[in-house]
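**Student:** Okay, sequence plus prediction incoming.
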Amino acid sequence: MLSKTLEEALNEQVNKEYYSAFLYLSMSSYFESTNLLGMAAWMRTQYEEEIMHALKIFDMVVDMEGKVDLKPIEGPPMKFESPLDVFTKTLEHERKVTGMINNIYSLAREENNYAVQSALQWFIDEQVEEEKSALEIVQQLKMIGDETTPLLMLDSKLGSREMIPEA
Ligand code: MG
């Protein structure tokens, strides 16, 4: 069972995960347009992961007898300045998402809803990974600066990323 408050918070999070998917798809198109195809592929995988996150929370609402409320998805920004700009925004966005997940977890704890706390644990661990990988790329892009050769090397490395299987 879900309280109205938790039901609303989870429905809102479904929407935010779909927004994340849109954001990364938009970033993927930026990399396509600048021929950084490894980074484009990385962002496309990120997009697929966010769809999976949205569905995982959707399933939580359904399984806990909540009412699903699918809201319109906000349009993501479509203009970016550079790879560093994109990955800095990725890191900022993931930190924001971590805050949202933490807020829902706090709500579940206040309400002694153990099932929601347990289901959210996966997301808490996932956010650590999301922030870690975005930060790593931001730092590497800062080291690379304006140099083309290391940028293309990083692009090729990011292109070899595989879809992380669902836990
Ligand atoms: Mg997510």
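**Tutor:** Noted; the coordinates are in hand.
**Student:** Run a quick neighbour tally on the closest residue to the ion within the chain.
**Tutor:** As assessed by C-beta to the ion, the ion sits closest to H53 within the chain, at 3.8 Å. Every C-beta, even on glycine, is put in place using the N, C-alpha and C of the backbone. H53: 24 surrounding residues under other C-beta atoms under 10 Å.
**Student:** so it is in which element?
**Tutor:** H53 belongs to helix 37-63 when assigned by DSSP states H and E.
**Student:** mind listing what's buried in that helix?
**Tutor:** Counting neighbours by 16 or more other C-beta atoms under 10 Å, one finds that the buried residues in helix 37-63 are 38-47, 49-54, 56-58, 60-61.
**Student:** With stretch 5-20 instead?
**Tutor:** 6-7, 9-11, 13-20.
**Student:** what does stretch 145-162 give?
**Tutor:** 151, 154-155, 158-159, 161.
**Student:** tell me the least confident of the residues you listed?
**Tutor:** Least confident by pLDDT among the buried residues of stretch 145-162: that is R161, with 80.
**Student:** Starting from Y114, give me the distance back to the closest residue to that residue other than its chain neighbours.
**Tutor:** Once flanking residues are discounted, R161 sits nearest to W42: 5.2 Å by C-beta to C-beta, 6 or more residues apart in numbering. Going from W42 to Y114 by C-beta to C-beta, to the nearest Å gives 36 Å.
**Student:** so who does N11 touch?
**Tutor:** Counting by C-beta atoms under 8 Å, 6 or more residues apart in numbering, N11 makes contact with 61, 66, 68-71.
**Student:** what do you get for Y30?
**Tutor:** 78-80, 86.
**Student:** Out of these, which sit inside strands?
**Tutor:** If you go by DSSP state E, these have nothing in strands.
**Student:** Take those and lay them out in a markdown table including pLDDT, distance to S133 and neighbour count.
**Tutor:** A markdown table is the format used below for these (pLDDT from 0 to 100; distance: C-beta to C-beta, whole Å; neighbours: other C-beta atoms under 10 Å):
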| residue | pLDDT | distance to S133 | neighbour count |
| --- | --- | --- | --- |
| M78 | 97 | 23 | 9 |
| K79 | 97 | 24 | 7 |
| F80 | 98 | 18 | 19 |
| V86 | 98 | 14 | 26 |
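**Student:** At the contact with the ion, which residues of the chain appear?
**Tutor:** Contact residues (C-beta under 5 Å from the ion) of the chain with the ion: 17, 20, 50, 53.
**Student:** 8 Å - rerun?
**Tutor:** Within reach of the ion by C-beta under 8 Å from the ion, the chain has these residues: 16-17, 20, 49-50, 53-54, 94, 97, 123, 126-127, 130.
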